[in-house]
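Novice: Please find the sequence and the predicted model below.
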Amino acid sequence: MTTIGVDGHNPEQVEKLMSHFEKQLRELFDVVAEDSEHWEFVKEADEIKVFRNRHLGALHVYRSRGVVKIAADEIVKLCWDFPNRPKWDPVNERATVLQEFSQDMACVSLKFSGLAVISSRELVGVFQKIKSEADGSTLIVFTSVDRTDGMQDAGVLATSDLCGMMFRPCKDNSDWCELEYIGRVNPNGWIPTWATNLGSIKGAWSIDWYRKYFHV
């Protein structure tokens with residue numbers, strides 16, 4: 001997995017890219033993890049289930065599911081507040097909005113550490129937020145992009161070609177959120193694949209980061 005060959009400040013290229021990854025993520029979310037031959041159960045802790053897919057490339061794709069006792073819209077609002085992301089994301093050192101395409105799509109630079117990474121990494125990509133009026137769910141899609149305007153920092157650039165979170169109001173309590181995560185991140189640099197696969201599971205526990213932030 002390398003950097004995505006899309007100019008991150010070209011709206012037409014970005015929209016096509018995000019449409020592709022939205023479709024791919026929805027297909028993955030539509031498959032029930034427990035019923036899929038490709039999703040391998042890894043661990044359950046604090047009522048969060050974590051699964052792994054080893055069939056989509058050398059780097060594992062991790063998936064998790066859990067409930068946060070806060071309304072879905074409140075969690076989405078927090079997730080979309082990029083400058084304040086370090087307040088709830090323990091591996092994120094800073095988040096900077098490089099370009100807003102619309103109120104539901106933005107190019108963001110994330111500086112992070114802690115995912116099998118010795119030194120900090122920068123991850124430049126586009127976030128898109130898609131709300132479904134049918135069931136009240138919100139899908140946030142993220143994927144890496146190239147920047148040709150010199151906006152990214154110097155140093156090692158991480159990449160992610162498959163990452164998203166699905167926020168659904170719980171069926172038995174609409175004031176609670178059922179949250180699902182799917183992600184694959186490559187920190188790049190001199191890190192062996194096995195170490196990346198071992199460390200990148202941390203993103204699957206991001207459901208607990210929201211719980212701790214809201215004290216629920």
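Specialist: The structure has been received and is ready for your questions. Note that the structure is predicted; figures quoted are calculated from it, not measured.
Novice: in this protein, which spans are helices?
Specialist: 11-30, 72-79, 193-199, 206-214 (DSSP state H).
Novice: mind checking which of these is nearest residue 170?
Specialist: The closest of these to residue 170 is helix 72-79. By Cβ to Cβ, the value is 8.5 Å. C-beta: built from backbone N, CA, C; applies to glycine.
Novice: Average the pLDDT values over the closest one and round to the nearest integer.
Specialist: For helix 72-79, mean pLDDT rounds to 95.
Novice: residue furthest from the geometric center of the protein?
Specialist: residue 172 (26.0 Å; Cα atoms, centre = their mean).
Novice: Show me what counts as buried in the lowest-mean-pLDDT helix or strand in the chain.
Specialist: The helix or strand of the chain with the poorest confidence is helix 11-30; it has a mean of 82 (mean pLDDT, DSSP states H and E). By neighbour count with 16 or more other Cβ atoms under 10 Å, helix 11-30 contains the buried residues 13-14, 17-18, 21-22, 24-25, 28-29.
Novice: Let's have the helices of the chain in CSV, adding distance to residue 126.
Specialist: Output for those, formatted as CSV (distance: least, Cβ to Cβ, whole Å):
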stretch, distance to residue 126
helix 11-30, 5
helix 72-79, 14
helix 193-199, 22
helix 206-214, 19
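Novice: I figured residue 159 was touching residue 123, is that so?
Specialist: Yes - using Cβ atoms under 8 Å, residue 159 is in contact with residue 123, at 7.3 Å.
Novice: Find residues that contact each of those two.
Specialist: Common contacts of residue 159 and residue 123 (Cβ atoms under 8 Å, 6 or more residues apart in numbering): 144, 185.
Novice: Please identify which of the two sits among more neighbours.
Specialist: Using other Cβ atoms under 10 Å as the criterion, residue 159 and residue 123 rank with residue 123 on top: 24 against 21.
Novice: dump the residue contacts of the more buried one.
Specialist: Residue 123 neighbours (Cβ under 8 Å, 6+ apart): 109-112, 144, 157-160, 185.
Novice: Now, those residues that are in strands?
Specialist: The strands, defined by DSSP state E, take in 109-112, 144, 159-160, 185 from the contacts of residue 123.
Novice: Run a quick neighbour tally on residue 157.
Specialist: Neighbour number of residue 157 under other Cβ under 10 Å is 20.
Novice: Same question for residue 112.
Specialist: 23.
Novice: Also residue 193?
Specialist: 12.
Novice: Walking through this protein, point out its strands one by one.
Specialist: Under DSSP E, the chain gives strands at 39-45, 48-53, 61-68, 92-102, 105-112, 121-131, 138-144, 159-169, 177-186.
Novice: Now render those as a markdown table, adding distance to residue 199 and mean pLDDT.
Specialist: As requested, the strands of the chain are exported to a markdown table (distance: least, Cβ to Cβ, whole Å; pLDDT from 0 to 100):
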| stretch | distance to residue 199 | mean pLDDT |
| --- | --- | --- |
| strand 39-45 | 14 | 94 |
| strand 48-53 | 13 | 95 |
| strand 61-68 | 11 | 96 |
| strand 92-102 | 15 | 90 |
| strand 105-112 | 11 | 90 |
| strand 121-131 | 12 | 91 |
| strand 138-144 | 18 | 93 |
| strand 159-169 | 14 | 92 |
| strand 177-186 | 9 | 94 |
